[in-house]
Each structure stands twice: as C-alpha cells, then as structure tokens.
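Colleague: Fold the following and give me the result.
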Amino acid sequence: MARNLGVTARRKKRTRIKIRKSNAGRPRLSVFRSGRHIYAQVIDDTAGKTVAAASTLEKEQRSALKTGASVDAAVTVGKLIAERAVAEGIKEVVFDRGGYRYHGRVKALADAARENGLSF
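Modeller: Numbering: from 1, shown residues only. Down below sits the predicted model:
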C-alpha cells in the first residue's frame with residue numbers, strides 16, 4: 001500500500017533525490033529549522049561524518065540573539081557554518097534545504113554562507 005506523504009515530505013524526498021544525482025562527491029550543507037531554532041551541518045555522505053555544524057543553540061549564539069527563530073539568527077548561523085567549513089578545507093558544497101521552501105530563514109542562511117566563502 002502506498003504511503004500518502006505530506007507536501008513537506010514529498011518536497012524533501014524530491015530534493016534529496018536531486019542532491020544524490022548532482023553532488024559529484026561534494027559534501028552536503030543540510031539545514032533544519034524548528035519553531036525556535038535553526039541548525040546547519042556540512043555532511044560528508046561518502047564517509048558518513050559531520051564535518052562542521054552550527055546552530056542557534058550554541059551558548060554564544062543564545063546570549064547574543066533575542067530569538068533563534070529570526071532571519072538575523074539564520075544569518076549568524078550561515079556565517080558560522082561557512083567559517084567552520086572553510087577552516088576544515090571545504091569550499092564547495094551541495095545545498096540541502098531539507099524540504100523547506102527557499103525563502104525567509106533558509107534563504108538568509110544560504111546567502112550568508114555564500115558571502116563567507118562557501119559556493120553552491
């Protein structure tokens with residue numbers, strides 16, 4: 001029996017399939033957003049390891065930001081993840097928006113990561 005997936009689940013599945021086809025060995029910049037926070041990870045799928053991670057849950061982020069669910073918070077996480085990935089020697093990634101529409105916090109995180117040295 002076929003499962004009836006929701007809109008977000010279908011979008012996520014479609015995005016992951018496209019990423020698998022086009023990644024060409026590049027790590028994946030994965031984004032997760034909740035109602036209160038935003039998280040980003042650079043994942044090397046061939047090794048199955050997380051290379052770099054950043055989120056609004058980190059101590060210095062929690063004290064500096066009013067809330068973790070704002071565009072400003074996404075910009076700081078994007079900047080952090082880009083700096084940490086470049087420090088690990090990663091400059092090219094594939095962007096995995098995780099089924100979220102490319103606007104608002106997700107777009108702000110992606111733009112900040114691009115401005116700080118990541119290309120995708």
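Colleague: drop to CA atoms for contacts and neighbour counts, all remaining ones
Modeller: Fine.
Colleague: how near is the residue nearest to residue 34 when sequence neighbours are not counted to residue 108?
Modeller: Excluding the flanking residues, the one nearest residue 34 by C-alpha to C-alpha, 6 or more residues apart in numbering is residue 69, at 7.6 Å. Distance from residue 69 to residue 108, counting by C-alpha to C-alpha, to the nearest Å: 12 Å.
Colleague: and if you look at residue 57?
Modeller: 18 Å.
Colleague: ok, now residue 60?
Modeller: 20 Å.
Colleague: cool, residue 117 as well?
Modeller: Counting by C-alpha to C-alpha - residue 117 and residue 108 are separated by 15 Å.
Colleague: who has more neighbours, the two?
Modeller: residue 108 (21 against 16; other C-alpha atoms under 10 Å).
Colleague: backbone phi and psi for that one, please?
Modeller: Here is the backbone geometry of residue 108 (degrees, to the nearest 10): phi -60, psi -40.
Colleague: low-scoring pLDDT stretches of the chain, where are they?
Modeller: Across the chain, the ranges flagged by pLDDT under 70 are 1-3.
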